[in-house]
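Sequence and computational prediction follow.
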Amino acid sequence: MSRGATHGNEALRASSRFPALFSPIGVSAAEFRGLARAGRAAAAGRGPAGPALLLALLLSSCQPRFPGTGPAETPDPAEVPGVSLSLEGARTPGPVTLLACGDVLLSRTVAARIERHGYRWPFRHVRDLVSSADLAFCNLENPASFVGTPYPGKPAEVTFRAPPGALFGLKWAGFDAVSLANNHMSDYGPAAIRETLDYLDLLGIGRAGAGVDETSARAPAVLETPGGRVAFLAYAEAGWSVVPAGPDRAGVAPADPARMAEDIAALRRDLRPDYIVVSVHWGEEHERHPGPAQREFGRAAVDAGAHLVLGHHPHVLQSLERYRDGLIVYSLGNFVFDMSADSTYDTAALRITLQGARVRAAEILPLRIERGDYAPRPASPEEAARILTGLRDGSRLFGTAVEIEGARGRIDF
Ligand SMILES: [Zn+2]
């Protein structure tokens with residue numbers, strides 16, 4: 001559970017506002033937070049070094065005025081460009097535990113539960129699990145907004161928009177980064193996307209895969225942990241109501257292998273993350289086995305430099321594949337959702353340990369979403385056996401061994 005989320009795009013925006021904000025009179029708390037983020041991003045290698053250094057000085061002098069921002073907001077002096085002596089490859093990154101979860105819906109019936117019981121409701125059984133990891137990730141399957149207009153021709157029951165306050169649940173549970181690249185992010189148009197981005201930024205939740213334009217949709221979420229810097233990129237496979245972001249159009253980052261490889265190369269060059277995670281919304285709903293397009297794209301991501309590929313959209317769990325030094329999780333299933341098919345209520349979270357610039361271990365923690373309240377909880381022994389057996393048998397087809405130990409699964413590296 002990192003509190004140091006920095007979003008690349010947000011940082012770019014904040015950086016471009018820098019001259020207007022640098023005023024001897026002082027900055028507002030909101031402006032300050034923008035500057036703090038810009039400073040961290042610039043320290044991470046994005047943006048010109050001069051302003052970054054000025055920002056660092058400004059931050060150190062301003063910090064006591066905003067106690068709410070806390071020590072995690074202070075940039076590490078060792079990371080300020082021009083001061084750092086680190087060289088790529090000279091340091092072995094330490095362990096980072098990443099909890100990967102599937103689709104989170106905070107609209108439809110889930111929104112009704114939240115309106116009745118409060119924003120903690122869907123996450124109340126899993127907060128300890130989510131917050132125990134250094135980083136926690138999920139796919140947010142809806143915009144959260146007061147505004148916007150429904151996607152033309154889409155049936156109302158699959159046109160999603162959550163009440164913005166529902167996002168507090170993600171924060172409360174301990175999620176650090178979300179994917180927004182999916183087939184529902186454009187359900188209420190560009191205005192709703194913009195609000196969703198703003199709310200997540202205000203909450204300090206990293207986000208990737210949707211933006212106000214293509215550059216912003218393809219920008220990474222970059223998170224600092226004691227074990228190293230982790231970058232997330234997110235893409236959505238083409239499909240109905242998947243609106244790709246354009247030069248002047250809000251939308252999602254499309255899953256195009258060439259553009260993904262470009263993004264990973266730029267990321268490695270500019271931000272030098274220790275670990276790269278590629279999230280993809282892909283595949284067929286309710287299908288247990290990944291299709292050829294998923295396998296091709298997943299492997300292409302690892303070939304391009306991703307350490308971990310996290311898939312979602314089928315609403316059920318799909319196989320895991322060890323590929324080279326990487327791990328491809330073809331589908332994480334649902335995490336919070338209200339569908340009718342019972343198979344969509346069996347799920348799991350993956351606790352992945354990244355260490356020494358590769359995946360070191362993956363642990364499968366079976367969960368069951370409780371019907372009627374749509375909140376995940378630890379699976380019973382019987383449910384766990386069913387979930388783990390399915391994953392073991394599917395993964396075996398890809399030459400990947402899932403070891404079952406009691407109520408948990410494990411992949412050795
Ligand atoms: Zn989907």
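Great, that's in hand. Numbers count the residues shown, from 1 in each chain.

quick one, helices of the stretch 301-413 of the chain?
Along the stretch 301-413 of the chain, counting by DSSP state H, counting those that start in this stretch, helices occupy 381-396.

Show me what from it comes close to the ion.
With CB under 5 Å from the ion as the criterion, the stretch 301-413 of the chain meets the ion at residues His313. C-beta here means a position set from N, CA and C on the backbone, and glycine is covered the same way.

Ok, the chain next?
So the chain meets the ion at Asn182, Asn183, His313 (CB under 5 Å from the ion).

For the last one, the count of nearby residues, please.
Translated: His313. 25 (other CB atoms under 10 Å).

show me the contacts for it.
Taking CB atoms under 8 Å, 6 or more residues apart in numbering as the contact definition, His313 lies against Asp103, Asn139, Asn182, Asn183, Glu237, His281, Trp282, Gly283, Glu285, Ser331.

With Pro366 instead?
Per CB under 8 Å, 6+ apart, neighbours of Pro366: Asp346, Thr347, Ala348, Pro378, Ala379, Glu383, Ala384, Ile387, Leu388, Ala407, Arg408, Gly409.

Equivalent analysis for Leu320, please.
327-330, 362, 364, 391, 394-395, 398, 400, 402, 411.

Give me the neighbour count for the closest residue to it other than its chain neighbours.
With CB to CB, 6 or more residues apart in numbering as the measure, Ser395 is the residue that lies nearest to Leu320, at 4.7 Å, once sequence neighbours are left out. Per other CB under 10 Å, the neighbour tally for Ser395 reads 22.

where's Ser395 relative to the ion, distance?
Here Ser395 is placed at a distance of 22 Å from the ion (CB to the ion, to the nearest Å).

my guess is that residue meets Gly409, correct?
No: between Ser395 and Gly409 there is no contact under CB atoms under 8 Å: 9.1 Å.

shared neighbours of the two, which are they?
Val402.

Now do the strands in the stretch 201-350 of the chain.
206-208, 210-211, 221-225, 228-236, 251-252, 275-281, 308-312, 317-323, 326-332, 334-336, 346-355 (DSSP state E, counting those that start in this stretch).

Tell me which strands the longest one pairs with, and in which orientation.
The reference is to strand 346-355. strand 96-104 (antiparallel), strand 358-369 (antiparallel) (DSSP bridges).

closest to Pro152 out of the strands of the stretch 201-350 of the chain?
strand 251-252 (14.8 Å; CB to CB).

Pick the most deeply packed of the strands paired with strand 346-355.
Highest mean neighbour count among the strands paired with strand 346-355 (mean count of other CB atoms under 10 Å): strand 96-104, with a mean of 26.

After that one, which helix or strand is next? Please name it.
The element immediately downstream of strand 96-104 (helix or strand, assigned by DSSP states H and E) is helix 108-117.

Name the residues that touch that following helix?
So helix 108-117 is in contact with 106, 121-122, 157, 160, 162-163, 165-166, 169, 336-338, 373-374, going by CB under 8 Å, 6+ apart.

repeat that with 6 Å
Helix 108-117 is contacted by residues Trp121, Pro122, Ala162, Pro163, Ala166, Asp338, Asp373, Tyr374 when judged by CB atoms under 6 Å, 6 or more residues apart in numbering.

Point out the least confident member of those residues, please.
Of all these, Asp373 carries the smallest pLDDT score, 93.

burial count for that one?
17.

Return the residues in contact with Asn334.
Gly102, Asp103, His315, Thr344, Thr347.

Correct me if wrong: the third one contacts Thr344.
Yes: applying CB atoms under 6 Å as the test, His315 and Thr344 come out as touching, 4.6 Å apart.

Just send the strands paired with strand 346-355 back as TSV, with distance to Gly148 and mean pLDDT too.
Formatted as TSV, the strands paired with strand 346-355 follow (distance: least, CB to CB, whole Å; pLDDT from 0 to 100):
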stretch	distance to Gly148	mean pLDDT
strand 96-104	19	98
strand 358-369	27	98
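
Kindly reformat the ones you listed as CSV and extend each row with distance to Gly228.
Listed next are the strands paired with strand 346-355 as CSV, based on distance: least, CB to CB, whole Å:
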stretch, distance to Gly228
strand 96-104, 6
strand 358-369, 12
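
With respect to Val178, which of the ones you listed lies nearest?
strand 96-104 (7.7 Å).

so that closest one versus helix 108-117, what angle?
110 degrees (axes from the mean of the first three to the mean of the last three CA atoms, to 10 degrees).

contacts for strand 96-104?
Under CB under 6 Å, 6+ apart, the answer for strand 96-104 is 130, 133-141, 225, 227-228, 310, 312, 332-337, 349-354.

residue of this structure with the smallest distance to the ion?
Distance from the ion to each residue of the chain (CB to the ion) is smallest for His313, at 4.0 Å.

What pLDDT is listed against that residue?
98.

Need the pLDDT of Gly94.
For Gly94, pLDDT reads 88.

actually Ala341, sorry about that
Confidence score, pLDDT, at Ala341: 96.

count of neighbours near the nearest residue to Arg259 once chain neighbours are set aside?
Excluding its sequence neighbours, the residue lying closest to Arg259 (CB to CB, 6+ apart) is Arg218, at 6.9 Å. Neighbours of Arg218 under the rule other CB under 10 Å: 28.

on that earlier part again, weed out the non-buried ones from the contacts of helix 108-117.
Trp121, Pro122, Ala162, Ala166, Asp338, Asp373, Tyr374 (16 or more other CB atoms under 10 Å).

now for the residues you listed, which pair is the farthest apart?
Ala162 and Asp373 (16.4 Å).

How are the helices of the stretch 51-200 of the chain distributed by residue range?
Counting by DSSP H, counting those that start in this stretch, the helices of the stretch 51-200 of the chain are 108-117, 127-132, 167-173, 189-203.

gap between the two ends of stretch 307-323?
10 Å (CA to CA, to the nearest Å).

Isn't Ala191 up against Thr149?
No: judged on CB under 6 Å, Ala191 makes no contact with Thr149 at a distance of 7.8 Å.

With neighbour numbers in mind, choose between the two.
Neighbour count, other CB under 10 Å: between Ala191 and Thr149, Ala191 has more, with 15 against 11.
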